[in-house]
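1. 3D, please:
(one chain, ligands or ions: 1)
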Amino acid sequence: MDLRIFKDKQEVAEQFSAYFVEQTKGKEAFHVALSGGSTPKIVFDVLAEKFAGQVDWSKVHFYWGDERCVPPTDDESNYKMTVEHLFSKIEVPQENINRILGEKDPNPEAMRYANLLEIDLDRVEEVPQFDLVILGMGDDGHTASIFPHEIELWDSEDHCVVATHPESGQKRVSLNGKVINTSKEVAFLVTGASKAEKVEAVIEKTEGFEQYPASLVQPTSGNLVWFLDEEAASKLNQN
Ligand code: 6PG
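-> Reported below is the predicted structural model:
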């Protein structure tokens, strides 16, 4: 377990950006699945504003690990957030951006997205393989858009599933567990005191950890790296 703990969100963003630069080095094509939510905002800002010159963006192919079933102009859209914090600040070919078409609710395009993954990515036993999947973790232990109340979606045979947010009922499209765990690298970006309890449960496998989808992130042959700030790591034994 590669656990990297930093002072605050800003340092997590800087350290992750340096890691991202390293991961893309020398790659002819680098396929990355982005996460949504709020943590990536500062990460994308730092990546774009401090590290952009160290990445050949023409080689980076962007996907999302999950997306809300809303138009790309909606403030809930992970795509919109990524445009604001990353794509608006770097030169990346439009064809390298593989947006999940989330306009419809529920999104019948989910399967098309899965097919798209199969066209553009190498496959390991029929499972699309990313170079990097970036994940966050919710206060409830969800990751991507696999929530505890429908954790069975993690094991779906479909590479992309249509999920439902437990409070808002919002429909979302999410990669399933097999695609996430087939990735060469998986990086968890988790910050803030509200995550500390679930970080402890998932990393130290405390009582009931199996109910949290984040605990199912166990790359079959790839590396799993946790980027945490001190608040999120505050309940871990080594702290
Ligand atoms: C999303 C995300 C989701 C997110 C977690 C953590 O679409 O919202 O992919 O899984 O990573 O909810 O979000 P924060 O970083 O905002 O805490």
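2. just give me the longest helix of the protein.
-> In the chain, assigned by DSSP state H, the helix with the most residues is helix 9-24.
3. past that one, which element shows up next along the chain?
-> Under the assignment DSSP states H and E, the closest C-terminal helix or strand after helix 9-24 is strand 30-34.
4. packing partners for that following strand?
-> In terms of contacts (3 or more C-beta pairs under 8 Å, 6 or more residues apart in numbering; DSSP states H and E), strand 30-34 is packed against strand 60-64, strand 132-135. Any C-beta I mention is one placed from the backbone N, CA and C, and that applies to glycine too.
5. how far away is Q129 from the ligand?
-> 20 Å (C-beta to the nearest ligand atom, to the nearest Å).
6. K171 too?
-> Shown here: K171 relative to the ligand, a distance of 12 Å by C-beta to the nearest ligand atom.
7. could you report the neighbour count for the nearest residue to that residue once chain neighbours are set aside?
-> Using C-beta to C-beta, 6 or more residues apart in numbering and skipping the chain neighbours, the partner closest in space to K171 is C69 (4.0 Å). One way to gauge burial is a neighbour count; for C69, by other C-beta atoms under 10 Å, it gives 26.
8. I'd say L47 and S17 touch.
-> Yes - with contacts defined as C-beta atoms under 8 Å, L47 counts as touching S17 at a distance of 4.4 Å.
9. before we move on, back to that, mean neighbour count, mean pLDDT and distance to the ligand added to the helices and strands packed on strand 30-34, as a markdown table?
-> Shown next, in a markdown table, are the helices and strands packed on strand 30-34 (neighbours: other C-beta atoms under 10 Å; pLDDT from 0 to 100; distance: least, C-beta to the nearest ligand atom, whole Å):
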| stretch | mean neighbour count | mean pLDDT | distance to the ligand |
| --- | --- | --- | --- |
| strand 60-64 | 22 | 96 | 8 |
| strand 132-135 | 26 | 98 | 6 |
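10. what's next to the helix or strand hosting D45, contact-wise?
-> Element membership of D45, judged by DSSP H and E, is helix 39-50. Identification of contacts with helix 39-50 by C-beta atoms under 8 Å, 6 or more residues apart in numbering yields 9-10, 12-14, 16-17, 20, 34, 55, 81-82, 85-86, 89-90, 134, 136, 189-191.
11. try it again at 6 Å.
-> 9, 13-14, 16-17, 85-86, 89-90, 136, 189, 191 (C-beta atoms under 6 Å, 6 or more residues apart in numbering).
12. same for the ligand: which of the residues you listed are within range?
-> Subset of these in contact with the ligand: G136, counting by C-beta under 6 Å from any ligand atom.
13. quick one: which of the contacts of helix 39-50 is nearest to the ligand?
-> Looking at the contacts of helix 39-50 and their distance to the ligand, the nearest is G136, at 2.2 Å (C-beta to the nearest ligand atom).
14. quick check: residues of the chain near the ligand?
-> 35-39, 66, 78, 136-138, 142-145.
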